[in-house]
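Asks: Here is a sequence with its predicted model. Questions after.
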Amino acid sequence: MCYNSLNSGKEKQPHMRTYRLALIGFGNVAQGLTTILRDYGANIAGQHGADFRIVAVNTARKGRIYNPDGFDPDQLLAASAEKRRLDTIPAAYSGWDVQRVIAESNADVVIEMTSSDLLTGQPATDYIRAAIARDRHVITTNKGPVGLFYPELSAMAAERGVGLGVEGTVMGGTPILRVGRELLAAAGVERIQGILNGTTNYILTRMAEGESYEAALREAQKKGYAEANPSADVDGYDAAVKIVILSNLLLGIPLKLENVEREGIGNLTTRDIVRAQQVGEVWKLVAWVERTPDMVKASVRPIRLPGAHPLAGISGATNAITFVTKLLGEVTVVGPGAGRVETGYAVLSDLLDIHQRFHLVR
């Protein structure tokens, strides 16, 4: 079943598989995914044999709708653009809460995209647990549950024989987790360091260009990079949770948030920035984790980098990670850390990975 550009008029391929998606949240990431499915769904189906159909959308403020046959992506996007409630769209059912959608809908994949609570991971963690227990594949872009409970959730998914996709939790649409787990796994990763928070990197870039911290923060908020309460970004919590995720997934080390030394950028002044520039250095908020024979060390803090360092030239809201490996030395990956379509693509990559691992191999 395809809509608009998905409806190419061609018959489905013999091995086409349809996936029914329940979206928990309809913010930027969900809208980015919906845009991709609207514009490129036919190409995805043709190349990969996977037809992705949105059957449920559940939000606290914009309405809750469920249609077993699926929704037209254009209708969902139009309602959001026009600031209409989603329950103005014709649907077989409306008003179902998240747990009912998980328990009673026909969704094959639950995509959890609610706001992150970095300290408790709730209520998203309960949604993920419930979906896995119902033998549904789960994809989340929510850093809280992954940073706090990934070993438990991963083991639960493996026991139930379903997929748990988390690519969008670090560096948005840049497939950094897949690069680390699949392409660099044999290289012997010993240390991971990077610029993992686009908000703070934007602020530091603007300060290097002459803005004060306060003015740069206001700009970041105006552009949508920073929330009204920017503490998670500027105090280093967001980057710390991401380094926990990287440690768990790429190094196999069950690091916890409280094990990460954390310092934000709030104490940096224009004078600090200028002094660094005078000797050819730049300030960056760098997160890192390192495995040594005796222990694991991890921190997030602002440091001065020499101009030749691979992370020194990363400007604006861009993110970057350097893997320090035994066989390849330093490998740096640069890419967008946020963005509607970019993070929507991370969800798509997880969907295609589930299709590849659980269905094409059978």
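Replies: Received it, and whenever you're ready, just let me know what you need. Residues are numbered from 1 along each chain as shown.
Asks: any chance you could map the strands in the stretch 251-362 of the chain?
Replies: Taking DSSP state E, counting those that start in this stretch as the criterion, the stretch 251-362 of the chain carries its strands at 261-262, 281-291, 296-306, 318-325, 329-336.
Asks: what do you get for the stretch 51-200 of the chain?
Replies: Shown for the stretch 51-200 of the chain, the strands assigned by DSSP E, counting those that start in this stretch span residues 63-66, 93-94, 109-112, 137-140, 164-165, 189-195.
Asks: what's in contact with stretch 98-111?
Replies: The contact list for stretch 98-111 (C-beta atoms under 8 Å, 6 or more residues apart in numbering) reads 19-24, 30, 33, 55-56, 58, 64, 66, 68, 96, 123, 127-128, 130-131, 134, 136-140, 347, 351, 354. Every residue, glycine included, has its C-beta placed from N, CA and C.
Asks: And it, end to end?
Replies: End-to-end span of stretch 98-111 (C-alpha to C-alpha, to the nearest Å): 11 Å.
Asks: swap in stretch 87-103?
Replies: 20 Å.
Asks: Which positions within it qualify as buried?
Replies: 87, 89, 91, 94, 96, 98, 101-102 (16 or more other C-beta atoms under 10 Å).
Asks: just stretch 181-192 next, same as before
Replies: Result for stretch 181-192 [16+ other C-beta under 10 Å]: buried residues 184, 187, 189, 191-192.
Asks: Tabulate the residues you listed (a markdown table), appending distance to Thr292 and pLDDT.
Replies: Below are those laid out as a markdown table (distance: C-beta to C-beta, whole Å; pLDDT from 0 to 100):
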| residue | distance to Thr292 | pLDDT |
| --- | --- | --- |
| Leu184 | 19 | 95 |
| Ala187 | 18 | 95 |
| Val189 | 13 | 93 |
| Arg191 | 9 | 95 |
| Ile192 | 13 | 96 |
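Asks: residues contacting the residue nearest to the spatial centre of the chain?
Replies: Nearest to the mean C-alpha position of the chain, counting by C-alpha atoms, centre = their mean, stands Gly168 at 2.2 Å. Each residue near Gly168 by C-beta under 8 Å, 6+ apart is listed here: 29, 139-141, 343, 346-347, 350.
Asks: Counting only helices, which of those make the cut?
Replies: Secondary structure from DSSP state H places 29, 343, 346-347, 350 of those in helices.
Asks: now, which of the buried residues of stretch 181-192 sits nearest Asn248?
Replies: Proximity of those to Asn248 (C-beta to C-beta) peaks at Ile192, which lies at 11.5 Å.
Asks: contacting residues around that closest one?
Replies: 180, 243, 246-247, 250-251, 288-290, 321-324.
Asks: helix, strand or coil for the nearest residue to Pro230 once chain neighbours are set aside?
Replies: Nearest residue to Pro230 in three dimensions, chain neighbours excluded: Leu217, at 6.3 Å (C-beta to C-beta, 6 or more residues apart in numbering). Of the three states, Leu217 takes helix under DSSP: H, G, I helix; E, B strand; the rest coil.
Asks: if I look at Leu217, how far off is Leu305?
Replies: 21 Å (C-beta to C-beta, to the nearest Å).
Asks: Looking at those two, which is more packed in?
Replies: More crowded of Leu217 and Leu305, by other C-beta atoms under 10 Å: Leu217, with 24 against 18.
Asks: Please determine how far the residue nearest to the centre of the chain is located from Met113.
Replies: 8 Å.
Asks: cool, Arg20 as well?
Replies: To Met113, Arg20 is 17 Å away according to C-beta to C-beta.
Asks: higher neighbour count, those two?
Replies: With other C-beta under 10 Å as the criterion, Arg20 and Met113 differ in neighbour count, and Met113 comes out ahead with 26 against 20.
Asks: Touching, that one and Leu21? I think so.
Replies: No: with contact defined as C-beta atoms under 8 Å, Met113 does not count as touching Leu21 (11.1 Å).
Asks: Need the residues touching each of these two.
Replies: Common neighbours of Met113 and Leu21 (C-beta under 8 Å, 6+ apart) do not exist.
Asks: what does stretch 68-79 contact?
Replies: 1, 3-4, 6, 20, 26, 31, 34-35, 37-38, 41, 53-55, 57, 62, 65, 84-86, 88-89, 91-92, 105-106.
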